[in-house]
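> here is my input; please provide its structure:
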Amino acid sequence: MRLLIQRVSDASVEVSGETVGSIGKGLLVFVGFGKKSGESDIPWMVEKLNGLRIFPDSEGHMNLNIHEISGEILVVSQFTLYGSCQKGRRPSFEPAMPPGEAENQYDRFVQQLKESFGPTIQTGVFGADMQVSLTNDGPVTFWLERESGNDV
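Numbering: from 1, shown residues only. You can find the predicted model right below:
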């Protein structure tokens, strides 16, 4: 399981010209699942995301988490996080989890995030062609990865 986390001033996602998710200050989280991703990776990622201290305090130091700034979260599925560009010129998506399994994992991730963060989590549409707009604050971007094995 891989997360690309961006601290944003605002972010939104559109599908077919319609805004399906939009946030102000908070986190834009791109999430992808690999063949080695397991269900046990989800609680770890949710806990890490909830506690990640990447927002500035009054002195400008990264000391505050998403809850402490009353921020929002926008989650967007992105299988290309498992794209490999090591060989040739066309990315290989061999390491990515098949779409049906990945959608189940995505739904579990979003559900657990809603249970721990609250129902205000915004999302894109799994598998859709999405246009994502954002203002990266900082810029601040982090990569989280965890693959405990396929224990689904």
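> please make it C-alpha for all contacts and neighbour counts, starting now.
Noted.
> all helices for the chain, in order.
Using DSSP state H, the helices of the chain run over residues 41-51, 99-117.
> may I see those arranged in a markdown table, with mean pLDDT and mean neighbour count as well?
Formatted as a markdown table, the helices of the chain follow (pLDDT from 0 to 100; neighbours: other Cα atoms under 10 Å):
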| stretch | mean pLDDT | mean neighbour count |
| --- | --- | --- |
| helix 41-51 | 95 | 17 |
| helix 99-117 | 95 | 16 |
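> so what's Ile42 closest to, chain neighbours aside?
With sequence-adjacent residues excluded and distances taken as Cα to Cα, 6 or more residues apart in numbering, Ile42 is closest to Phe109, at 5.8 Å.
> tell me the contacts of that neighbour?
For Phe109, the contacting residues are Ile42, Pro43, Val46, by Cα atoms under 8 Å, 6 or more residues apart in numbering.
> quick check, central residue of this structure?
Val29 (2.6 Å; Cα atoms, centre = their mean).
> how close does it get to Pro119?
Applying Cα to Cα, to the nearest Å, the value for Val29 to Pro119 is 16 Å.
> quick one on the thing from earlier: let me know the closest of the contacts of Phe109 to Ala96.
Nearest to Ala96 among those is Ile42, at 16.2 Å by Cα to Cα.
> run a quick neighbour tally on the closest residue to Leu81 other than its chain neighbours.
The shortest distance from Leu81 to any non-neighbouring residue, by Cα to Cα, 6+ apart, is to Gly32 (5.7 Å). The local packing of Gly32 (other Cα atoms under 10 Å) involves 25 other residues.
> residues contacting Gly32?
Taking Cα under 8 Å, 6+ apart as the criterion, Gly32 is in contact with Met1, Arg2, Leu3, Ser77, Gln78, Phe79, Thr80, Leu81, Tyr82, Ala96, Ala102.
> list the buried ones in the longest strand that the chain contains?
For the chain, the longest strand by residue count, based on DSSP state E, is strand 130-145. Neighbour counts over strand 130-145 (16 or more other Cα atoms under 10 Å) mark Met130, Val132, Leu134, Thr135, Asn136, Asp137, Thr141 as buried.
> how about JSON lines for the residues you listed, with pLDDT and distance to Met62 added?
Rendered in JSON lines, the data for the buried residues of strand 130-145 read as follows (pLDDT from 0 to 100; distance: Cα to Cα, whole Å):
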{"residue": "Met130", "pLDDT": "97", "distance to Met62": "31"}
{"residue": "Val132", "pLDDT": "98", "distance to Met62": "26"}
{"residue": "Leu134", "pLDDT": "98", "distance to Met62": "20"}
{"residue": "Thr135", "pLDDT": "98", "distance to Met62": "18"}
{"residue": "Asn136", "pLDDT": "97", "distance to Met62": "15"}
{"residue": "Asp137", "pLDDT": "97", "distance to Met62": "12"}
{"residue": "Thr141", "pLDDT": "97", "distance to Met62": "13"}
